[in-house]
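S.K.: can you look at this prediction? I've put the sequence above it.
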Amino acid sequence: MGAQGKSSPWSMQFSTLTIVLIPVAIGVNYVGKLIAAALKLPLWLDSIGTVLAAMLAGPWVGAISGAANNVIFGLTADPISFWYLITSIAIGFVVGYMAFTGWVSSFGRAVGLGLIVGIVATVVSTPINVILWEGQTGNVWGDALYAYLVGSGWPIWLASFLDELVVDIPDKLATVIVSYLILRALPERLATLFAGGRDQVERL
């Protein structure tokens, strides 16, 4: 496809199928978060739908899917979810833009994207953690590191950043890799119905 035929990652023109994708993505996010909580996993798994939607349909759809999931989860399960809406929006924007610029063209690049998303999520979430929880995340592994660092005299902001980082990196790596594998597994006829899917199929 030539340059003129490529879709803009920032296009706000949503097809009917793209609009249908949003509630599907929300459902995937919601179920992933519930499973992680029920099994007490050291991950959140609440962004797979956001990431997949962003890969297929771009940053706006990813951001809307992530934000809507936080609102719905906040209303139905955990009000704290509202506070992390901005993190979900950031994830949708970053993945949507980077996917459209070739960052899901191979497994190796998808791993790189997962690391970038993990860092972005950490940077956005850390101030929220400091405001709400004195820097803790609520994750057992991360908070154990936080307690050790604070007890050793580390600044709260840095301890909080590392607390979030040790959870977000594996979580977002797993999220992006799972989304990438789903994208690869989609029938080409289905993937190409989405603006981003057309570009991804050409690169895969």
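M.R.: Now that the structure is in, tell me what you want to look at.
S.K.: any low-confidence regions in the chain?
M.R.: Under the criterion pLDDT under 70, the flagged ranges of the chain are 1-7, 195-204.
S.K.: quick one, helices of it?
M.R.: Along the chain, counting by DSSP state H, helices occupy 16-38, 48-57, 59-76, 85-100, 107-133, 140-151, 156-185, 188-191, 195-203.
S.K.: any idea which of those helices is most buried?
M.R.: Of all the helices of the chain, helix 48-57 has the most neighbours on average by mean count of other Cβ atoms under 10 Å, namely a mean of 30. For glycine as for every other residue, the C-beta is placed from the backbone atoms N, C-alpha and C.
S.K.: packing partners of that helix?
M.R.: Judged by 3 or more Cβ pairs under 8 Å, 6 or more residues apart in numbering; DSSP states H and E, the packing partners of helix 48-57 are helix 16-38, helix 59-76, helix 85-100, helix 156-185, helix 195-203.
S.K.: residues making contact with that helix?
M.R.: Counting by Cβ atoms under 8 Å, 6 or more residues apart in numbering, helix 48-57 makes contact with 14, 18, 21-22, 24-30, 32, 61-63, 65-66, 69, 88, 91-93, 95-96, 99, 104, 117, 175-176, 178-180, 182-183, 191, 194-197, 200, all of which sit outside it.
S.K.: for stretch 127-142, same thing?
M.R.: 40, 42, 44, 80, 83-84, 86-87, 125-126, 143, 146, 150, 156-157, 159-160, 163-164, 166-167.
S.K.: if you skip the residues just before and after it, what's nearest to residue 135?
M.R.: Distances taken as Cβ to Cβ, 6 or more residues apart in numbering put residue 160 closest to residue 135, at 3.2 Å, once the chain neighbours are dropped.
S.K.: surely the one you found touches residue 146?
M.R.: Yes. Using Cβ atoms under 8 Å, residue 160 is in contact with residue 146, at 6.5 Å.
S.K.: if we can go back for a sec, nearest to residue 111, of the helices and strands packed on helix 48-57?
M.R.: helix 156-185 (6.8 Å; Cβ to Cβ).
S.K.: elements contacting that closest one?
M.R.: Right, helix 156-185 is packed against helix 48-57, helix 107-133, helix 140-151 by 3+ Cβ pairs under 8 Å, 6+ apart.
S.K.: the first one: how far from the chain's middle?
M.R.: Mean-position distance between helix 48-57 and its chain equals 8 Å (Cα atoms, centre = their mean, to the nearest Å).
S.K.: equivalent analysis for the longest one, please.
M.R.: The gap between the average C-alpha position of helix 107-133 and the chain average comes to 9 Å, counting by Cα atoms, centre = their mean.
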